[in-house]
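1. fold the following.
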Amino acid sequence: MIAAAYLISFNAICYAQQNINQEFNSVVSEDSSKAPHGGTLKIADTYFIELVLNDSKVVYYIYDLNIKPISNKGIKGKAIFQFQNKSTVTISLITQGLNGFSTGNRNLSNYTMCQAIFIKAGKVSKVEFIKPIFNAIKYTCALHPEIIRDKPGNCPKCGMALIEKKEMAKKNLNIQTE
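-> Model (predicted):
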């Protein structure tokens, strides 16, 4: 009977933690201004993972829970991309800069869902991204074209005002999970 009570308590705690994580993820990922590179932030265990689409390249950045960059040294990453026709591609990620990982020159921008998996010291952290809807108008820095935002503002690198960058609107593809 005591074991059953512990099991119920444990399940309740796990359920509460899952709800907190889901609520936190939805709040953080809705506002790209909290993401240092203007992407989508999601929590993965004790890390934040930011997904950024730069033209056709997919880039991930890793942060601690205070959204401070974590070095990518000693971390291995891979990503599984799913497309509209339900086909999948698994990519070993390439380190980029001090805390980034990229898909290299592979054009994977037409994915509908992707799962990023990072391994550090034997610990596995996973996060899933559903492709967001993109606004038709984006804003970028004249000096730092890698900075792309959904709304006007200032460049986080140099402080210059972001300028309008017109892009073709992209559709959000619905994914049915089984």
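2. only C-alpha atoms from now on, for both contacts and neighbour counts.
-> Noted.
3. what about the nearest residue to Thr88 once chain neighbours are set aside, neighbour count?
-> Counting by CA to CA, 6 or more residues apart in numbering, Thr88 lies nearest to Gln82, which is 4.4 Å off, once chain neighbours are set aside. The tally of other residues near Gln82 (other CA atoms under 10 Å) stands at 20.
4. what sits against Gly38?
-> With contact taken as CA atoms under 8 Å, 6 or more residues apart in numbering, Gly38 is in contact with 32, 52, 147-150.
5. tell me where the protein has helices.
-> Along the chain, counting by DSSP state H, helices occupy 2-30.
6. any stretches of it with poor pLDDT?
-> 1-33, 55-56, 132-136, 166-178 (pLDDT under 70).
7. 80 instead?
-> Applying pLDDT under 80 to the chain picks out residues 1-34, 54-56, 105-107, 109-110, 131-137, 150-151, 165-178.
8. before we move on, back to that, save the contacts of Gly38 as CSV, and put in distance to Cys158 and neighbour count too.
-> Shown next, in CSV, are these (distance: CA to CA, whole Å; neighbours: other CA atoms under 10 Å):
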residue, distance to Cys158, neighbour count
Ser32, 19, 17
Val52, 19, 22
Ile147, 11, 21
Ile148, 14, 23
Arg149, 15, 24
Asp150, 18, 19
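9. okay, and which of the residues you listed map to strands?
-> Among those, the residues falling in strands (DSSP state E) are 52, 148-149.
10. just those residues now: which is nearest Cys114?
-> In terms of CA to CA, no member of the ones in strands among the contacts of Gly38 lies closer to Cys114 than Val52, at 12.2 Å.
11. quick one: the closest one and Lys42 touch, right?
-> No. Applying CA atoms under 8 Å as the test, Val52 and Lys42 come out as separate, 11.7 Å apart.
12. which residues pair with the residue nearest to Thr88 across the strands?
-> On the basis of DSSP bridges, Gln82 is bridged to Thr88, Met113.
13. touching, it and Leu108? I think so.
-> No. At 9.5 Å, Gln82 does not count as touching Leu108 under the criterion of CA under 8 Å.
14. count of residues packed around Met160?
-> 15.
15. what sits against it?
-> Per CA under 8 Å, 6+ apart, neighbours of Met160: 141, 154.
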